[in-house]
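A.B. asks: Sequence plus the predicted model coming up.
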Amino acid sequence: MTIESDSGHGNSPAAWTAVIIMLVAFLLGTLFFWFDLPWLVVASGVLAVLGLLTGVVLARLGYGVGGTKYAPKAHD
């Protein structure tokens with residue numbers, strides 16, 4: 001039985017950067033919601049959108065899966 005190797009979907013610097021920024025945004029947004037700071041909740045939403053845009057920009061610059069600046073690591 002052989003296991004086919006996956007293409008590393010989402011395992012790239014662009015994806016990791018976007019996900020980390022968005023996780024921080026949602027964490028802060030939840031914290032600010034809890035402390036009843038609506039303008040900071042909105043700012044956290046803006047940060048989440050910026051995280052998504054960062055991932056897209058990095059992918060187009062070649063840091064996404066299959067990009068020119070992305071070197072996948074071998075899985076053992």
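C.D. replies: Sure, I can see it.

A.B. asks: which residues in this protein form helices?
C.D. replies: Ranges of helices in the chain, per DSSP state H, are 13-34, 38-58.

A.B. asks: Those helices: which one's closest to G64?
C.D. replies: Nearest of these to G64, taken as C-beta to C-beta: helix 13-34 at 4.3 Å. All C-beta atoms are positioned from the backbone trio N, CA, C, and that covers glycine.

A.B. asks: Contacts for that closest one next, please.
C.D. replies: 38, 40-41, 43-45, 47-48, 50-52, 54-56, 58-59, 61, 63-65, 67, 70 (C-beta atoms under 8 Å, 6 or more residues apart in numbering).

A.B. asks: Run through the chain and note the low-pLDDT ranges.
C.D. replies: Applying pLDDT under 70 to the chain flags the ranges 1-9, 74-76.

A.B. asks: cutoff 90 now
C.D. replies: Scanning the chain for pLDDT under 90 picks out 1-11, 65-76.

A.B. asks: before we move on, back to that, quick check on the contacts of helix 13-34: which are buried?
C.D. replies: For the contacts of helix 13-34, a neighbour count by 16 or more other C-beta atoms under 10 Å gives the buried set as 40-41, 44, 47-48, 51, 54-55, 58-59, 63-65, 67, 70.

A.B. asks: Spatially nearest residue to L40 (excluding sequence neighbours)?
C.D. replies: In space, and not counting its chain neighbours, L40 is closest to F32: 3.9 Å by C-beta to C-beta, 6 or more residues apart in numbering.

A.B. asks: Distance of that neighbour relative to G66?
C.D. replies: Counting by C-beta to C-beta, to the nearest Å, the gap from F32 to G66 is 37 Å.

A.B. asks: more neighbours, the two?
C.D. replies: Using other C-beta atoms under 10 Å as the criterion, F32 and G66 rank with F32 on top: 17 against 12.

A.B. asks: now the more buried one: how far from P72?
C.D. replies: For F32, the distance to P72 (C-beta to C-beta) stands at 37 Å.
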